[in-house]
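The sequence isn't on hand, but the structure is:
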């Protein structure tokens, strides 16, 4: 009780002490304490609130913070926790996706042209790196997407942490958009990152010249594009499922069921009745078909690839529609 | 060794009594650690009959204690006995126990009636018996009007009462209520308190936890204070407070003329400080609560003071804990 | 407390079991996700069914397997007619029109699918079968020795010999016997059988029996534990192992009737629409019954397994997903290499062998039937006189793909019994360790 004449203005820092004084200020003369030596009885309330006087950062910077928060969670503590098993699986898939890189290097060192042909950069190998079914799109990439997407929105909903975002100057679509980007970036790191490594490993190990690079670069870019298509489609479907459900696991299982289930269903129909048309309901096969057409790999489906392209677009459109509807109508409470 | 807080006030029952006459709840040097964090350490306790309030701040180990009793957690040291049986991996004693967990989640998709009926059947009741019992307990907690509505539509107090009803359905001898008053409005609070008091009157052993002393005070005077996993005090609330006699207390008086009263009060030896929050209020600091209370009425009457209210702000859990854990904080 | 409690321990147990099972079923029923999952399962199977209905209602295009509807010399008489009457097929001035009295040319369509299989498909090691419908063997101008090209002493027949080395049947046909089979008849029968097998093995045992438990059973215990509602149940005088089991009963109370209804529906539709002279293919019910048994057991085992994984770990699903992927691999493996030892370490492998056994019991001629499809009236044999089309009959490929041999090296009945025992043992094992883990689990 030392400071007496602190003028209370709008800009005055709000501390527990001065607010108290302000409250008693009208009859400060009646507040007296008898001066007797006494043992301190303890102070329960000691809080200093410092008001923040900065200016609000622009929108992109706030969005960047959300994005960073999700992305860095893969690498460090203190950001969005992804769960140890998820991280372990990501590392496993990252390493497993580099088998072709390793084999390229190995055969380049051994100097076996025959074996190198089998593993070096080529249309079919580029296609297989991103869109091959076994094991990549059966065991790796859909599982990665499923694990990442699992709780990304639904957990926020069930824990009520989405309220933490929405009580700040953050637009709902920015919030979802950044989550989308973060999940997609992590997948891109694995799928496209290893693809680039594969391409550069080939250039380095074989000492490729400019002519080879000019020859193959469009093919490489097309493959990158197909990879982006794959990632975007998986993420769209996954996030739509995540926004629909409340559980952590439901979106993951549902994504896997959609990707592998439709594939199995279409495989049954193809095996029995020799018709490939049902592959249109399988997101993976539609992307693979488009990829085969764009990259120029062996075509494995009978129907025109444009249908598959339409199907891919439809998958994305429906998912994004569901996502946006759910997000805009999302209740900011703990459900 | 094992303190007794049975309200009959008999001699301390320290010996391990074989099952038929075993105390309802007995903990012997029980501890629970999570890794290096000790949630509960060396707690010894024996209870039979009456309502007992377990007091403690958040994280004091109240829920851990209950979960140990209900076999949800395994004690890392000591023995836990429920009716003389170790409850870990042995659900047999639960036939005589009703437990109201702390968490708020409930089967929202059921009606309270179905909820209570289903769990009554887990006691081995037939369908008809279960329905009858459910109606009985729902009436006891005052939910008869709404018992056929979904629990999801209930208010917090109603949910809490539904939980209590489910715990009472087997007519248990021991009822454990983990924070039963948490988040309830005053009306629901009163209803639940009445229910608990009634249970105590019926001779059941009731254990309830809270971190608000005044709440417990309205139900029972028999308290156990836990702090940071340790048993801090046990017994009658007022007796515990008496023991705090040599510790500074604050008493707030509301009267017409605070300054006049202060003059008279200052003459007492037990008073060592005064404060005037406003003209009609007087705050008195004392070291000897008992002595002060002995003299205060005399001063008031002799000098004809008009005292409207006597407040004991120090009587809350925070302060008592502060003193018990070593005075000044 | 003297209250009219259970008379014996069994009636008390029974009360608890029905209480928890009923509770669990009601819990499932109130969740939308349950209905979505079951509905999507129904839709998926229906999509395949639609393709099946379409296939059954579309006539398979007839192919002239022996090529005798072609008029090689352009004299207006197709080769088949000329051959039967002994005129030169390649000489346009030699044809039955020059006979006295002249014979009118017959339409080419009479020589397509004119000699269908008349086979006794019974599983004999060596059998003499076949009948020359169109008479291009029996009534032709060939010598007796030319009518018995397979040298078994009987003219115009087919001898089928089981080759124990390759495990396949070898078909030795006399020239012109059953050489132009009816594609539609064979193809529909083959497609029908392939459909029953594929929908049973991949549809019911793989798709439905993995994904439905994955959705419904993983959270059976775990969801309650995370939401905190498990506190209510574990505070009652009931052992955790029982809770696990009775929750499982509730899950089965939803999933088993669903599987039953799906199976009956499929059996009815495919039985009515399937090829054959009868109104309803009653014999197929046996296969559908084996499909049902396999699906029920598979949902039981997967339910126990996923539920156990859920109890084991908060992230149980992360363990369940690779297992599901492994089972997909095993499903594909059991279609192609049914004797692989890897299959013994799976659940689909055992379940699928039940269906294969059931199919073998109902259709004992399966091997020979498949062989007949690839033989395709002799057009696939190197020594065939005419080699126009060297392709198997339609539907044969599907049947080859969907059907697989019994991998255990036992007859169908022992295979069914052993597989069922193994699946039940697996379920019991998962329940046992599941309840052990659950019992020693601390519930926060």
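All right, it came through fine. Since this is a predicted model, take the numbers as computed values, not measurements.

Nearest residue to residue B:275 in space, please, no chain neighbours.
residue B:283 (4.0 Å; CB to CB, 6 or more residues apart in numbering or on different chains). The way it works is simple: take the backbone N, C-alpha and C, and place the C-beta from them, glycine included.

The lowest-mean-pLDDT helix or strand in chain C packs against which elements?
In chain C, the helix or strand scored least confidently by mean pLDDT, DSSP states H and E is strand C:126-129, which has a mean of 76. For strand C:126-129, the packing partners by 3 or more CB pairs under 8 Å, 6 or more residues apart in numbering or on different chains; DSSP states H and E come out as strand C:158-163.

What is the strand it packs on packed up against?
Using 3+ CB pairs under 8 Å, 6+ apart: strand C:158-163 touches strand C:126-129, strand C:168-173.

Show me what the host helix or strand of the residue nearest to residue B:275 is in contact with.
Following DSSP states H and E, the helix or strand that holds residue B:283 is strand B:281-286. Applying CB atoms under 8 Å, 6 or more residues apart in numbering or on different chains, the contact partners of strand B:281-286 are A:38, A:41, B:248-255, B:258, B:261-262, B:265, B:270-277, B:292.

now, which of those residues lie within strands?
If you go by DSSP state E, the contacts of strand B:281-286 have B:249, B:250, B:251, B:252, B:253, B:254, B:255, B:271, B:272, B:273, B:274, B:275 in strands.

In PyMOL, how would I select just the buried ones from those residues?
Entered in PyMOL, the line below selects the buried ones among the ones in strands among the contacts of strand B:281-286, by 16 or more other CB atoms under 10 Å in any protein chain shown:
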select buried, chain B and resi 249+250+251+252+253+255+271+272+273+274+275
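
pLDDT at residue 44, what is it?
You didn't pick a chain, so chain A it is. Note on residue A:44: pLDDT of 51.

I was after chain C.
At residue C:44, pLDDT is 94.

From the contact counts, what lies against the longest helix along chain C?
Ranked by residue count, the top helix of chain C under DSSP state H comes out as helix C:240-273. The contact analysis (3+ CB pairs under 8 Å, 6+ apart) places helix C:240-273 against helix C:9-30, helix C:32-57, helix C:183-198, helix C:209-216, helix C:219-227, helix C:230-234, helix C:284-312, helix C:412-439.

redo that, cut-off 7 Å
Counting contacts by 3 or more CB pairs under 7 Å, 6 or more residues apart in numbering or on different chains; DSSP states H and E, helix C:240-273 packs against helix C:9-30, helix C:32-57, helix C:183-198, helix C:209-216, helix C:219-227, helix C:284-312, helix C:412-439.

what's the average pLDDT for that helix?
On average, helix C:240-273 scores 95.

Ok, stretch A:91-104 next?
91.

Buried ones in the longest helix of chain C, by neighbour count?
C:240, C:242-252, C:254-256, C:258-259, C:262-263, C:266-267, C:270-271, C:273.

swap in stretch A:100-113?
Buried-residue list, stretch A:100-113, by 16+ other CB under 10 Å: A:100, A:101, A:103, A:104, A:105, A:107, A:108.

what's next to it, contact-wise?
Residues from elsewhere that reach stretch A:100-113 (CB atoms under 7 Å, 6 or more residues apart in numbering or on different chains): A:115-116, A:119-120, A:125, A:129, A:194, A:197-198, A:201-202, A:205-206.

Output those in JSON lines; the columns should cover secondary structure and pLDDT.
Converted to JSON lines, these look like this (DSSP: H, G, I helix; E, B strand; the rest coil; pLDDT from 0 to 100):
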{"residue": "A:115", "secondary structure": "helix", "pLDDT": "75"}
{"residue": "A:116", "secondary structure": "helix", "pLDDT": "74"}
{"residue": "A:119", "secondary structure": "helix", "pLDDT": "79"}
{"residue": "A:120", "secondary structure": "coil", "pLDDT": "81"}
{"residue": "A:125", "secondary structure": "helix", "pLDDT": "90"}
{"residue": "A:129", "secondary structure": "helix", "pLDDT": "92"}
{"residue": "A:194", "secondary structure": "helix", "pLDDT": "95"}
{"residue": "A:197", "secondary structure": "helix", "pLDDT": "94"}
{"residue": "A:198", "secondary structure": "helix", "pLDDT": "93"}
{"residue": "A:201", "secondary structure": "helix", "pLDDT": "90"}
{"residue": "A:202", "secondary structure": "helix", "pLDDT": "88"}
{"residue": "A:205", "secondary structure": "helix", "pLDDT": "83"}
{"residue": "A:206", "secondary structure": "helix", "pLDDT": "80"}
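
Dump those residues into a markdown table; add neighbour count and distance to chain C as well.
Listed next are the contacts of stretch A:100-113 as a markdown table, based on neighbours: other CB atoms under 10 Å in any protein chain shown; distance: CB to the nearest CB, whole Å:
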| residue | neighbour count | distance to chain C |
| --- | --- | --- |
| A:115 | 15 | 26 |
| A:116 | 18 | 29 |
| A:119 | 21 | 23 |
| A:120 | 20 | 28 |
| A:125 | 20 | 23 |
| A:129 | 23 | 19 |
| A:194 | 24 | 20 |
| A:197 | 16 | 25 |
| A:198 | 26 | 24 |
| A:201 | 21 | 28 |
| A:202 | 25 | 29 |
| A:205 | 17 | 32 |
| A:206 | 16 | 34 |
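
the helices in chain B, which residues?
Under DSSP H, chain B gives helices at B:62-69, B:112-121, B:127-140, B:156-168, B:186-201, B:213-219, B:237-243, B:258-265, B:289-302, B:317-324.

out of those, nearest to residue C:401?
Closest approach to residue C:401 among the helices of chain B is made by helix B:112-121 (48.8 Å; CB to CB).

Can you name every helix or strand that the closest one contacts?
Using 3+ CB pairs under 7 Å, 6+ apart, helix B:112-121 sits against helix B:127-140, helix B:156-168, helix C:9-30.

got the angle for it vs helix C:9-30?
150 degrees (axes from the mean of the first three to the mean of the last three CA atoms, to 10 degrees).

Give me the most central residue, the chain.
Since no chain was named, I'll use chain A. Chain A has residue A:183 as the residue nearest its centroid, 0.5 Å off, counting by CA atoms, centre = their mean.

any idea how far residue B:78 is from residue C:88?
Distance, residue B:78 to residue C:88, using CB to CB, to the nearest Å: 109 Å.

quick one, which of the two is more surrounded?
residue B:78 (17 against 14; other CB atoms under 10 Å in any protein chain shown).

Give me every residue in the stretch 1-150 of chain B lying close to chain A.
Residues of the stretch 1-150 of chain B found near chain A (CB under 7 Å from any CB of the partner chain): none.

Could you pick out the residues of the stretch 1-150 of chain B near chain C for me?
Within the stretch 1-150 of chain B, the residues that sit near chain C (CB under 7 Å from any CB) are B:70, B:72-74, B:89, B:91-92, B:94-95, B:99, B:101, B:103, B:105-107, B:109, B:118-119, B:121-126, B:129.

Mind checking which of those residues land in strands?
Filtering the residues of the stretch 1-150 of chain B next to chain C for strands - DSSP E - leaves residue B:99.

From the residues of the stretch 1-150 of chain B next to chain C, list just the buried residues.
Applying 16+ other CB under 10 Å to these flags B:70, B:72-74, B:91, B:94-95, B:99, B:101, B:106-107, B:118-119, B:121-126, B:129 as buried.

ok, of the buried residues of stretch A:100-113, which one's closest to residue A:167?
Nearest member of these to residue A:167, counting by CB to CB, is residue A:101, at 45.9 Å.
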